[in-house]
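> No sequence on hand, only this structure:
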C-alpha cells in the first residue's frame, strides 16, 4: 500500500469519526448550571432530593396566590349543626367596592342566569320557580330588595351563603368563581341601595 492510499484511509476514518454524534467527552461549558438544569417535574419522584442537598417541598412560595384565586375567602363551611363561620362571615369585607358599567352589565347577566330563577329579575323573590305561588316551588324565595333582613345582611354573609349554600339554596361555587360571586353580591347591594330612596318616598306618601 502506497503512502497516498494510507493517507486516504486515514482521512476517511477521520471523517467517519468526526461525523459521529456520540461525544465521549463534553466540551467546556461556560455556565453549567444553565446548561444542565436541576429542575424536576412537579409529579416526579422527589424522594432523593434531600440527599443531593436540594430543598424542595412541592409547596407554592409563601404569599403567592394561584391564578383565579385572587379573591380569597378565609372561612370554610361549617360542620353540621355549627354556625360559627356563618356568623363570622359578617366581618368579611367585599373586595369589590364598585362595578364599572361593563362589570355591572355582566354581573346582572350572571344574576339573571343563576339567581333570577328563584329570586326574580326584580330581586323580589318572585322568580319563575315561585311565580306568585303558581310555580313548582311552594315557598317564596328570599326577597333581596324590599326585605329589611336581606338588605341589612353583610356582603360576607351573602358570600358564605352563595359559596356553601344555605337552607334550601345550594352552593353556587361550581357555577360562579369567587370574583363572579363577589360581583353578583355587589350588584344585589347596588340594587338594594337604588331601592331605598323609592322606599322612603313611598313610606312618606302613605303618612
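Sure, I can see it. Predicted model, so just to flag it, every value in this text is computed and none were measured. Numbering: from 1, shown residues only.
> Tell me who's in contact with residue 76.
residue 85 (Cβ atoms under 8 Å, 6 or more residues apart in numbering). Heads up, the C-betas are built off the backbone N, CA and C, glycines and all.
> Next one: it from residue 93, what distance?
Note on residue 76: its distance to residue 93, by Cβ to Cβ, to the nearest Å, is 18 Å.
> repeat for residue 190
For residue 190, the distance to residue 93 - Cβ to Cβ - is 16 Å.
> next one: residue 189
From residue 189 over to residue 93 the distance is 12 Å, taken as Cβ to Cβ.
> For these two, list the residues in contact with both.
residue 155.
> Which one of those two is surrounded by more residues?
residue 189 (19 against 9; other Cβ atoms under 10 Å).
> Might one say that the more buried one is in contact with residue 154?
No - contact criterion Cβ atoms under 8 Å: residue 189 and residue 154 do not qualify, at 9.7 Å.
> Skipping its backbone neighbours, what lies nearest residue 69 in space?
In this structure, residue 69 finds its nearest non-sequential neighbour in residue 178, 6.9 Å apart by Cβ to Cβ, 6 or more residues apart in numbering.
> any low-confidence regions in the chain?
Counting by pLDDT under 70, the chain shows low-confidence ranges at 1-4, 12-27, 32-42, 68, 197-207.
> Next, please give the residue ranges for the helices of it.
Using DSSP state H, the helices assigned to the chain run over residues 3-19, 32-35, 84-88, 101-114, 116-119, 148-151, 155-164, 178-206.
> Let me have those in CSV, extended by distance to residue 132.
Formatted as CSV, the helices of the chain follow (distance: least, Cβ to Cβ, whole Å):
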stretch, distance to residue 132
helix 3-19, 87
helix 32-35, 71
helix 84-88, 30
helix 101-114, 19
helix 116-119, 14
helix 148-151, 19
helix 155-164, 24
helix 178-206, 20
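> circling back to that earlier point, what's the burial count for the residue nearest to residue 69?
17.
> Now stretch 123-131: buried residues?
123-127, 129-130 (16 or more other Cβ atoms under 10 Å).
> Kindly indicate which of the residues you listed lies nearest residue 185.
Nearest to residue 185 among these is residue 123, at 12.0 Å by Cβ to Cβ.
> which phi and psi does the closest one have?
Main-chain dihedrals, residue 123, degrees, to the nearest 10: phi 60, psi 30.
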